[in-house]
Every structure is written in C-alpha cells, then in structure tokens.
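A.B. asks: model the following, please.
(2 chains)
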Amino acid sequence: MAAQPYGLVAVFDTVPALYRAAVDVRDAGYKFWDCITPFPIHGLDRAMGLRRSKVPRISLCGGILGFTTGMSLIYFTNAYDYPLIVGGKPFFSPMFAFPVSYELTILFAAFATIGGMFLLNRLPMHYHPVLKSDHIIRGLDDKFLVVIEARDPKFNLNATKALLEKAGGREIMELEA
Amino acid sequence: MSHAAESAYPVPAILKEVKPAVLPRATLIENDRSFGWITDKICGIIEGRTPTWWWVCFGLACFVASFTVAGLTYLVATGVGVWGHANPVNWAWDIVNFVFWIGIGHAGTLISAILCLLRQKWRTSINRAAEAMTIFAVICAGIFPVFHVGRVWFAWYLFPIPNSNYIWQNFRSPLEWDVFAVSTYGTVSVLFWYVGLLPDLAILRDRFTAAGNRLRGFLYGFFAMGWRGSNRHWSNYEMAYLILAGISTPLVLSVHTIVSFDFAVSLIPGWHTTIFPPYFVAGAIFSGFGMVLTLMLPLRAVYGLQDLITQYHIDCMCKITLATGTIVGYAYGMEFFIAWYSGNPYEGFAFINRAFGHYAWAYWIMIGCNVITPQFFWFKRIRNNTSLVWILSIFVNVGMWFERFVIIVTTLARDFLPSSWGYYSPSVVEIFTFFGTFGVFSVLFLLFIRFLPIMPMAELKAVLPQADPHGHGDSATGHRDPHSP
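C.D. replies: Numbering: from 1, shown residues only, chains lettered A, B, ... in the order given. Predicted structure coming up:
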C-alpha cells in the first residue's frame, strides 16, 4: 500500500444521486476528480463543470487536410505529371475532382476524430489506479463512482470523505496509486 | 392551462378544460429491466459455452464459403473467360453482386449514423449488429471489383501509387471514384464500429479478468485501450461519436451515389439517367433493412432478446422498409414515365424490353418482390407476425438482387445497334462464387456473435428510464432485483 493514496472513490447507486453528488463536488471547488459511469449521462458534463470537448477542432483540421490532399493529388497526377487525354475533357476541374476529394475529406476527418478523441482522453492507458479498484467492475456495469484525486489542492482525507458521505456515497475507499 | 395571454379576444371556456393528449412513448426495453440485467444478458452470450447450433451453422457457412474460395482460385488461375461474360454483356453477375452487397451495407450505417442524428433511440438495440453487417457486406462486395479485373495482381494499379509505367489513374472516371468511395466507406465503418465497441470491450475485460480468464481478459483489454468509464472521457467520446455519425451520413449517401455513377455517366439507354443516385440510395437502404430483419429476427428468437428488440423495433424497421420500398416502386414508375415522355426511342425501347423482352422473367420477379412485398407492412397483423416478416425480408433481398441484374444486364444486352445485341447466361463458376459469398458473410457474422457483444450495452442502458438524471433513479414501476432473470 503506497503511503500517499491516488485518491478516494465512492459508490452511488442511482443516476440522480450521482448527478447531485457531482454538483456538490464541483461547487466545493475540486478540480482533479472524475465520475465513472457505465454510460454517458445527459447533463453530467455541466454538473462537473466541464467545457465543451475539443474534438471538433481536430476533426475540422482532418477534413480540410483531406479535401486539399484530394484536390492536390488529382491536379498533380492528372494535370501536371502525366496529363491523360480522355475524350477532350479538361485536365483538371473541381467538378470531376470533387467525389474523390469529398471521400478523402470524410476519411481524414474520421481518422482525425478518433485520433483526437484518443489523444484528448490520453488513451490507450491500460494501467490506471481506477482500473485496479474493486469497484470498477460495477462502475462499468450498473453503479456510479466518484473519484477525487489526492493531488487536488483541496483534497483532505477526512474532509473529502465527509463530503462524499454527505453526498450519499457508499463504500468509500482509498485508491492505491 | 396557460394564463399568459389574456388578450382582447374572449377565450372560450371550453379551452380551459381541454387537455392535450399525451401520446405514450413506446417502451424501448420491456419488462422493466435494470442496467445489470442488460450487462448479464449480452455478456452471457459471450461468456457461455458455444451452443451446438453455432457449430453447425459455422460448419455449414465454412462449406459454403469454400465455393467462393474455389471459384476465385479457378478464376485467377484460368482467366475471366470462365465467367459467362461475352460481348455485349461484359458486366453481369460480378457487378450485380458488388452493388448488391454494398447496398446491404448501407442500412447498417443508416441505423448507426442517420438514426443517431435523428435521435431515434430505438436504434440502440440493432446498431452494433447492423454495423457489423455493414463491414462484412463491404468485404463481400469488395471481392468482386478486385477479382473482375482479370489480372488481379495488377489490382493495385487502381490506387494512386507510383508504378513502373509512370502513369496515373484517370480521376475523371467513376470507376476510380468508386475505389476511394468504397475504401473510405469500409474504413470509416470499421472505425465507427470500433469506437462504439470500446466501452463494451472494457466491460468484458473486467468480467473475464474477475472470472479468472486471463487470456480473454488480456485480449479484450488490449482493444479496450484502458477505457475506464471516466466522464471526462465520455465527454470527448460522445462528441467523437456525434461527429462520426455526422460524417457517415453524407458518406452513405455519396458512396451509393458514386456506385450509381458507374452506370449513370455512361451513354446507353436505361443507364444514362439522373434518377440513379437517389434511386440507388433508396434501394440500398431498402435492401439493407431487409437483410437487417433477416439477421436480427432469428438472433432475437435464439438468444431470447425480446425485451431488447421489441415489437416496436420490428415495427420501425418494417416501416422504414415500406417507405424505402415505396420510393423504389415510385422510381420504377417514374423511369417508365420519363422514358415515354422523353420521346427518345432508345430509352422507350429499353424499358419495354425490360418488361417484355428476353429478361422479362427477371423484371417481374423484381416487381413482385420490391413493389408488392413491402406493401404488406402496412398491416399491423403482418408486422406482428415475426415469421412472416422474416419471409418477406428474404423476398426483399431477392428482389433487390434482381433489380441490379435487370438494370445491368438488360441494358447491356440490348443497346443502340441491333447487330451488337446478345443474351447472357451465368456460368457455374459465377453462380458458385456468388452463393459462396453468403458463406463468407455468415462465417464473419457468426464469429462476431460468438466473440463480440451483439448490442451496445452502454447505449442500451442510456435509454432506460433509470438513466435520466432528473428522474427518480429507479425504474418506472418500482425496484426489481438487478440480477434476476
């Protein structure tokens, strides 16, 4: 058992209970904490004080890159490097170049979205203190957890425990780092 | 009642007594199930022993899949002449099969992406299996364009990779657009499916590890990427999911549009028509929903999923099949009308020939299966009869195969010059190769239902009434023991 625990974890049985607890923890001023839920809960982001996800910015970059890649590829190959004479059609036109560029926009945007999501979530992270907890199997199944990390400036073993108990948490345990 | 607008007009007293009718929303998950029940139900399929029927079906599927392997090997070893293609019909079963399988795939993406954007919560029961169906259908579809080129070892020439002739691809051709469209579609479908799987793989990881099965815990855990259900992660995840749904929607529409361009940008009567893009897309969704029904109804019966795939779900799927089938029927009528109205003798002949020429048998099978069959879904008594719905879904699949056959083969067999006319029959190799792809599809789908969760547990839980943060936290009709059967 490490001297300094990673944090505290509390179990909540219902979604409304977790929601109210999240509001309490947010209002108490904690910054390094999280909720573990089996499914995304509507409105929990705001209850936790989270800002809007940054994934769309990364998706946009991917999409723009895809479109320009398509247009450039087609211009280079069909109009510059080896112009193919096909029935007198123009060597380059945004019209005929559009379908391929459109598909590449979607392809690159999809990769950027998923890559961005993994990056922002710092995944893959196969090792994490929460994953070692006994509660995690229920946390992904039918219970809801609140985890408050010890590195938070407001963290105090007794005070934080009291806050979680007051919010309705059960089985409050320390998480080893 | 609202007292806000005390206007100059006298409000009739009756309005104060009228209460707007509250339309009850359909229960998406019946019998008051809990979160834990859903997890146990879906994971139980993977954790339990492999049922005997699975082995029987798998053996049969492998046997049928061997037809494709044999057919393709013989094709590559001997040459494209082993197929029944000959002038003038140089595209036949190969391209029919390609469009058939790609069309089936589109329903999966529609269910995942388009129904997600339209906030149709009933999609949660079927979207995982439908997405898997899409991926396997795209694999079966992709076999045909790759192998129909003849010299398959040059198939990589389709991609803009430098080759020793220094020549590049012709990007003015829809055949090249197809390469990008189908590749993108396959890749994005796999990515979307995988993102949806992440939380469920995490559940399986933890369950197998807790049960002591370290190998399976490791394998599921590897692909779960360390998912731990963190709400900070869910925030990014939900956004990524929404964006993927948003870009998959135009992807579905564009892919089958580009496939239809393979025909529409040509000159021959029966092909050179602007109706093809929307007609093909509607037809793809129609055939895809037929296949979803064909797959999900037996699964529902075998695994006892009636609480998760309810009559409401079947109703919705039947209604979408009816709607898209009606669009397809309308397109048939409109094609015929425009062929006459245009005054173009070649166009007019093409359509008379379809209905009354050498392939009239195929045409009337198509009309019977595509126009008449879906109309049965108007009737609640028929929608409630699961066996009948299943039989009708098979007819839909058959009809849509014939639609592509009629479009491709009748037009090629009778184009502008009578001296070019010819009749096409498939060879044995082609027939076996095609029916073998059903085996390939079945092998992949059986492996999927054995090893992966057939429904998205996280999404299902999210549509339960207990998932509402402003609700009561328990089910609508009171508590039940979470792990009761």
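A.B. asks: show me which residues of stretch A:9-26 are buried.
C.D. replies: Going by neighbour count (16 or more other Cβ atoms under 10 Å in any protein chain shown), the buried part of stretch A:9-26 is A:9-26. For the C-beta atoms, the positions are set from N, CA and C on the backbone; glycine is no exception.
A.B. asks: typo on my end, stretch A:33-43
C.D. replies: Neighbour-count burial for stretch A:33-43 [16+ other Cβ under 10 Å]: A:Trp33, A:Asp34, A:Cys35, A:Ile36, A:Thr37, A:Pro38, A:Phe39, A:Pro40, A:Ile41.
A.B. asks: swap in stretch B:222-237?
C.D. replies: Buried-residue list, stretch B:222-237, by 16+ other Cβ under 10 Å: B:223-237.
A.B. asks: touching chain A at all, that stretch?
C.D. replies: Yes. Judged by Cβ under 8 Å from any Cβ of the partner chain, stretch B:222-237 comes into contact with chain A at B:222, B:225-237.
A.B. asks: does any part of the longest helix seen in chain B sit near chain A?
C.D. replies: Taking DSSP state H as the criterion, chain B has its longest helix at helix B:174-211. Yes. For helix B:174-211, a contact with chain A is found by Cβ under 8 Å from any Cβ, at B:174, B:176-177, B:180-181, B:183-184, B:187-188, B:191-192, B:195, B:199, B:202-203, B:206-207, B:210.
A.B. asks: next SSE after that helix?
C.D. replies: Once helix B:174-211 ends, the next helix or strand along the chain (criterion: DSSP states H and E) is helix B:214-224.
A.B. asks: show me what that next one is packed against.
C.D. replies: Packing contacts for helix B:214-224, counted by 3 or more Cβ pairs under 8 Å, 6 or more residues apart in numbering or on different chains; DSSP states H and E, involve helix B:174-211.
A.B. asks: same for the helix it packs on, what does it pack against?
C.D. replies: Using 3+ Cβ pairs under 8 Å, 6+ apart, helix B:174-211 sits against helix A:94-120, helix A:136-139, helix B:35-47, helix B:93-109, helix B:127-147, helix B:214-224, helix B:231-264, helix B:457-462.
A.B. asks: just say which of the ones you listed is most tucked in.
C.D. replies: helix B:93-109 (a mean of 27; mean count of other Cβ atoms under 10 Å in any protein chain shown).
A.B. asks: follow-up on the earlier one: and the buried residues of stretch A:9-26, which of them are in helices?
C.D. replies: Among the buried residues of stretch A:9-26, the members falling in helices (DSSP H) are A:Val15, A:Pro16, A:Ala17, A:Leu18, A:Tyr19, A:Arg20, A:Ala21, A:Ala22, A:Val23, A:Asp24, A:Val25, A:Arg26.
A.B. asks: what distance do you get for B:Tyr157 to B:Asn97?
C.D. replies: B:Tyr157 sits 22 Å away from B:Asn97, taking Cβ to Cβ, to the nearest Å as the criterion.
A.B. asks: for residue 50, give me its contacts.
C.D. replies: Using chain A. Contacts for A:Leu50 were tallied using Cβ atoms under 8 Å, 6 or more residues apart in numbering or on different chains; they are B:Asn231, B:Arg232, B:Ser235.
A.B. asks: right idea, wrong chain: chain B
C.D. replies: With Cβ under 8 Å, 6+ apart, B:Thr50 has these contacts: B:Arg450.
A.B. asks: surely it is in a strand?
C.D. replies: No. Counting by DSSP: H, G, I helix; E, B strand; the rest coil, B:Thr50 falls outside a strand, being coil.
A.B. asks: near chain A, which residues of the stretch 201-350 of chain B are found?
C.D. replies: B:202-203, B:206-207, B:210, B:221-222, B:225-240, B:243-244, B:247-248, B:250-251, B:254-255, B:258, B:261.
A.B. asks: dig out what the closest residue to B:Gly229 other than its chain neighbours forms beta bridges with.
C.D. replies: Leaving aside its sequence neighbours, B:Gly229 sits nearest to A:Ile36 (Cβ to Cβ, 6 or more residues apart in numbering or on different chains; 4.4 Å). Beta-bridge partners for A:Ile36, by DSSP bridges, are A:Leu145, B:Ser230.
A.B. asks: what's near enough to touch A:Ile36?
C.D. replies: By Cβ under 8 Å, 6+ apart, the contact set of A:Ile36 is A:9, A:130, A:135-136, A:139-140, A:144-147, B:228-231.
A.B. asks: okay, which residue is most central for chain A?
C.D. replies: When Cα atoms, centre = their mean is applied to chain A, the residue found nearest the centroid is A:Asn121 (4.4 Å).
A.B. asks: what's near enough to touch that residue?
C.D. replies: B:Ser230, B:Arg232, B:His233, B:Asn236, B:Tyr237 are the contacts of A:Asn121 under Cβ under 8 Å, 6+ apart.
A.B. asks: recalculate using a threshold of 7 Å.
C.D. replies: Contacts were defined as Cβ atoms under 7 Å, 6 or more residues apart in numbering or on different chains; by that measure A:Asn121 touches B:His233, B:Asn236.
A.B. asks: for the one 10 residues further on, same thing?
C.D. replies: For A:Leu131, the contacting residues are B:Gly226, B:Arg228, taking Cβ under 7 Å, 6+ apart as the criterion.
A.B. asks: could you tell me the model confidence score at it?
C.D. replies: Note on A:Leu131: pLDDT of 91.
A.B. asks: helix, strand or coil: sort out it for me.
C.D. replies: Under three-state DSSP, A:Leu131 falls in the helix class.
A.B. asks: return only those of the buried residues of stretch A:9-26 found close to chain B.
C.D. replies: A:Thr14, A:Val15, A:Pro16, A:Ala17, A:Tyr19 (Cβ under 7 Å from any Cβ of the partner chain).
A.B. asks: will you turn those into TSV that also has pLDDT?
C.D. replies: Shown next, in TSV, are these (pLDDT from 0 to 100):
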residue	pLDDT
A:Thr14	92
A:Val15	93
A:Pro16	94
A:Ala17	94
A:Tyr19	95
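A.B. asks: need the max-distance pair from the residues you listed.
C.D. replies: Pairwise distances across these (Cβ to Cβ) peak at 9.0 Å, for the pair A:Thr14 and A:Tyr19.
A.B. asks: in chain A, which helix or strand is least confident?
C.D. replies: helix A:136-139 (a mean of 86; mean pLDDT, DSSP states H and E).
A.B. asks: ok now that one, how far from the chain's centre?
C.D. replies: Chain-centre distance of helix A:136-139: 19 Å, with Cα atoms, centre = their mean, to the nearest Å.
A.B. asks: likewise for stretch B:122-134?
C.D. replies: Using Cα atoms, centre = their mean, the offset of stretch B:122-134 from its chain centre is 9 Å.
A.B. asks: okay, now B:Ala77: neighbour count?
C.D. replies: 8 (other Cβ atoms under 10 Å in any protein chain shown).
A.B. asks: scratch that, A:Asp141
C.D. replies: 21.
A.B. asks: now it, nearest residue through space, not along the chain?
C.D. replies: B:Thr39 is the one closest to A:Asp141 (Cβ to Cβ, 6+ apart), at 4.8 Å.
A.B. asks: equivalent analysis for B:Phe63, please.
C.D. replies: B:Gly439 (6.9 Å).
A.B. asks: gap between the one you found and B:Val69?
C.D. replies: On the measure of Cβ to Cβ, B:Gly439 and B:Val69 end up 9 Å apart.
A.B. asks: so between the two, which is more surrounded?
C.D. replies: B:Gly439 (20 against 14).
A.B. asks: and stretch B:307-320, what's its mean pLDDT?
C.D. replies: Stretch B:307-320 comes out at a mean pLDDT of 95.
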